[in-house]
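Undergrad: sequence plus predicted model, see below.
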Protein chains: 2
Amino acid sequence: MRSSAFKQYFLVGLLIFFATAANAAGQSDPLPSWNDGASKKAIIDFVARVTNDGSADFVPVEERIATFDNDGTLWTEQPMYVELAFSLQEVEKMAPQHPEWQTTQPFAAVLHHDMKALAASGDEGMIKLFLATHTGMTEEQFEATASAWLATAEQPRFHRLYTQCVYQPMLELLAYLRANGFKTYIVSGGGQDFMRAFTQKVYGVPPEQVVGTQFKSQYILKGDSPAIELLPGILSIDDGPGKPENIQRFIGKKPIAAFGNSDGDIQMLEWTGSNIRPNLELLVHHTDAEREYAYDRNSSMGRLDKGLTEAAQKHWIVVDMKADWKAVFPPPAHNPNLIGR
Amino acid sequence: MRSSAFKQYFLVGLLIFFATAANAAGQSDPLPSWNDGASKKAIIDFVARVTNDGSADFVPVEERIATFDNDGTLWTEQPMYVELAFSLQEVEKMAPQHPEWQTTQPFAAVLHHDMKALAASGDEGMIKLFLATHTGMTEEQFEATASAWLATAEQPRFHRLYTQCVYQPMLELLAYLRANGFKTYIVSGGGQDFMRAFTQKVYGVPPEQVVGTQFKSQYILKGDSPAIELLPGILSIDDGPGKPENIQRFIGKKPIAAFGNSDGDIQMLEWTGSNIRPNLELLVHHTDAEREYAYDRNSSMGRLDKGLTEAAQKHWIVVDMKADWKAVFPPPAHNPNLIGR
């Protein structure tokens, strides 16, 4: 019943719908925002092979599992992970109740806008920020907070909602795969509940197909009302080797297609590549400083170093964002709030 | 490619198929193995209400989530949990490699057939047996072992495969709900991988809709081949409060229907009962010593004590197995190996 969020996602949803409808109608190009080239051809050839009933490469519908990383694969992860931006804002909001944060890292760094100290706190610091802002409340409360933030928070460079800094070519790819009987999952390092606050409306991916980093939780009764309380501990980090572990735990089937953009996706692609069925692995390479960002081997967010090397050895598709994508984001007109900006 | 297992499940699968087909054709009785009575009427009325597009009680397809306990709800759990029977046999098989088990409980109890000592080891003992027989191998190896065992292991009283000691009325209920747009999940205390070895073929429930007790796991590379290694530790016990916790983690939606048979299902039914949508909760009460078993408040397996009390207060349906079920198991002829027994 998040009607305000609904309105904001509605037109993106429409776009997915039209992409699907056009595709289902057998119309010309299922991936109109992809330039013709090796990447687009490899995707379309793969889908044709596995859906061709007469072919030796045919894969039954129930095994057409496709897994997508989120940050940097489906939406922008620069200049910082969206969920980190959310956490920083939440820390500022919660700070009055936590005087001790003024002198405790990484909270002091956040409150004093000391980005150098924040960066120095590393992954451990980020986990502390996540635990402080994502737990100690019910899942329902967290979802309401995240949804409210996502409904208005803007990406600082593009001045659009974060939920509109999603990649139009990847929205088309999600819809194209689904139209061909694939079950599309998100398997991402992001918090599972954070992602579930927007994936249905933005990507058409329902909660039960969203696998992310999970916090411990506890069933509680508040009077007569049951709730799931999020506890300040991590149950599973859905990154690197955690991705195939969670794919097996949640899905119990090996994917035949996997999509990522960073070294944290290597194991997911490797696992998918070990499928005895025909399979496809793809990395989005951020090469477009003008329309989005250009980064790879030395980036602190979404580093793609070992992955680039492995991709060459293992024949993974490496999407060159600048060359392969006709458009990066959906047209801005799709957010009525932002028309004219 | 478990072709021997396939053959054995094939006819049970056929039965589910025919139940679905009969139902889809709009033929008379979707639950032929249920006697007319309050339980059957409540189920059919509920399904009619939530699928009636014009009704205020209509529930959109994507929210039609139904969760089923397994042991004692979908198949026989007496005289001991099937998975415990599997574990005992595995302990005997593995004993030569574990001389220390001769003098360590609960293993010594198993090897010396000392059922009293085994019972005395309690839940903790059972967990030790599960860890010893379910972990320390890859998931693929475990699945092969469990599948091979399930293909031949017989229930001691009924002399049928355990996979044929499933409840015919519940197979019909699963098929009936699916034919009405429900997504049917298993949410059970049993080991997730153990259940996934048979749920698709026996219940028509795919791996991604099976939630059970989970062991820790680790992604490993054996040479160039990736695998998921099961580690000797429990990640989540899917029983009692663990059921709603895992429902939220795996599905991210509150069910509108939940089916159980023991006190371990109370929280799942309570959680489902808190849905703002119309909802249905049901407990199978084992009242049929002649055709199956009769047990409730004092049983060590599948105790139903507090649940019976709560059911009365909360208007949960309590199925009286003896009165409500026309048949308990599928006809024996469905297993070609057992014809004439």
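TA: Thanks, I have the structure now. Numbering: from 1, shown residues only, chains lettered A, B, ... in the order given.
Undergrad: near chain B, which residues of chain A show up?
TA: Proximity of chain A to chain B, by C-beta under 8 Å from any C-beta of the partner chain, involves residues A:62, A:139, A:183, A:192, A:196, A:206-208, A:210, A:214, A:217-219, A:225-226, A:228, A:235-236, A:241-242, A:244-245, A:248-253, A:267, A:270-271, A:274. Every residue, glycine included, has its C-beta placed from N, CA and C.
Undergrad: are any of these buried, and which?
TA: Those of the residues of chain A next to chain B that meet the buried threshold are A:139, A:183, A:192, A:196, A:206-208, A:210, A:214, A:217, A:219, A:226, A:228, A:235-236, A:241-242, A:244-245, A:248-253, A:267, A:270-271, by 16 or more other C-beta atoms under 10 Å in any protein chain shown.
Undergrad: sorry, back to before: can you list which of the residues of chain A next to chain B are found in helices?
TA: Among those, the residues falling in helices (DSSP state H) are A:Glu139, A:Gln192, A:Arg196, A:Gly242, A:Pro244, A:Glu245, A:Gln248, A:Arg249, A:Phe250, A:Gln267, A:Glu270, A:Trp271.
Undergrad: which SSE is the residue nearest to A:Pro32 when sequence neighbours are not counted in?
TA: In space, A:Pro32 comes closest to A:Glu172 once its chain neighbours are excluded; the distance is 6.7 Å by C-beta to C-beta, 6 or more residues apart in numbering or on different chains. Following DSSP states H and E, the helix or strand that holds A:Glu172 is helix A:168-179.
Undergrad: give the other helices and strands that that helix contacts.
TA: Judged by 3 or more C-beta pairs under 8 Å, 6 or more residues apart in numbering or on different chains; DSSP states H and E, the packing partners of helix A:168-179 are helix A:3-24, helix A:38-51, strand A:65-68, strand A:183-191, strand A:257-260.
Undergrad: that one vs helix A:38-51, what angle?
TA: Angular relation of helix A:168-179 and helix A:38-51 on a 0 to 180 degree scale: 10 degrees, by axes from the mean of the first three to the mean of the last three C-alpha atoms, to 10 degrees.
Undergrad: centre of the chain to helix A:168-179, how far?
TA: With C-alpha atoms, centre = their mean, to the nearest Å as the basis, the distance from the averaged C-alpha position of helix A:168-179 to the chain average is 14 Å.
Undergrad: ok and it relative to strand A:183-191, angle-wise?
TA: Going by the same axes, to 10 degrees, helix A:168-179 makes 140 degrees with strand A:183-191.
Undergrad: buried residues in stretch A:59-79, which are they?
TA: Neighbour-count burial for stretch A:59-79 flags A:59, A:63-78 (criterion: 16+ other C-beta under 10 Å).
Undergrad: ok, the residue nearest to A:Pro32 - how many residues close by?
TA: 23 (other C-beta atoms under 10 Å in any protein chain shown).
Undergrad: so for it, what's the pLDDT?
TA: As summarised for this prediction, A:Glu172 has a pLDDT of 98.
Undergrad: hang on, the earlier thing: I'd like the ones in helices among the residues of chain A next to chain B laid out as a markdown table, including pLDDT.
TA: What follows is these, written out as a markdown table (pLDDT from 0 to 100):
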| residue | pLDDT |
| --- | --- |
| A:Glu139 | 97 |
| A:Gln192 | 98 |
| A:Arg196 | 98 |
| A:Gly242 | 98 |
| A:Pro244 | 98 |
| A:Glu245 | 98 |
| A:Gln248 | 98 |
| A:Arg249 | 98 |
| A:Phe250 | 98 |
| A:Gln267 | 98 |
| A:Glu270 | 98 |
| A:Trp271 | 98 |
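Undergrad: what's the most distant pair in the residues you listed?
TA: Comparing every pair within those by C-beta to C-beta identifies A:Glu139 and A:Glu270 as the most remote, at 32.1 Å.
Undergrad: quick one: contacts for the closest residue to chain B within the stretch 101-250 of chain A?
TA: Closest contact between the stretch 101-250 of chain A and chain B, by C-beta to the nearest C-beta, is at A:Pro207 (2.9 Å). When contacts are counted by C-beta atoms under 8 Å, 6 or more residues apart in numbering or on different chains, A:Pro207 is found next to A:Arg196, A:Thr199, A:Gln200, B:Ile251, B:Gly252, B:Lys253.
Undergrad: just A:Phe46 next, same as before
TA: Listed by C-beta under 8 Å, 6+ apart, the contact partners of A:Phe46 are A:Ala257, A:Pro278, A:Leu280.
Undergrad: rerun that using 7 Å as the cut-off
TA: A:Pro278, A:Leu280 (C-beta atoms under 7 Å, 6 or more residues apart in numbering or on different chains).
Undergrad: likewise A:Arg196?
TA: A:Pro207, A:Val210, B:Gly252.
Undergrad: need the residues you listed in CSV (columns: distance to B:Trp101 and pLDDT).
TA: Below are the contacts of A:Arg196 laid out as CSV (distance: C-beta to C-beta, whole Å; pLDDT from 0 to 100):
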residue, distance to B:Trp101, pLDDT
A:Pro207, 44, 98
A:Val210, 42, 98
B:Gly252, 42, 98
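Undergrad: looking at those residues, which is nearest A:His159?
TA: The shortest distance between A:His159 and any of the contacts of A:Arg196, using C-beta to C-beta, involves A:Val210 and amounts to 27.3 Å.
Undergrad: for that closest one, give me its contacts.
TA: A:Ile186, A:Gln192, A:Met195, A:Arg196, A:Thr199, B:Gly252.
Undergrad: let's see it at 8 Å
TA: When the contact criterion is C-beta under 8 Å, 6+ apart, the partners of A:Val210 are A:Tyr185, A:Ile186, A:Gln192, A:Met195, A:Arg196, A:Thr199, B:Gly252.
Undergrad: distance to A:Arg303 added to the contacts of A:Arg196, as JSON lines?
TA: Formatted as JSON lines, the contacts of A:Arg196 follow (distance: C-beta to C-beta, whole Å):
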{"residue": "A:Pro207", "distance to A:Arg303": "29"}
{"residue": "A:Val210", "distance to A:Arg303": "24"}
{"residue": "B:Gly252", "distance to A:Arg303": "30"}
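Undergrad: now, those residues that are in strands?
TA: With strands defined by DSSP state E, the entries of those inside them are A:Val210.
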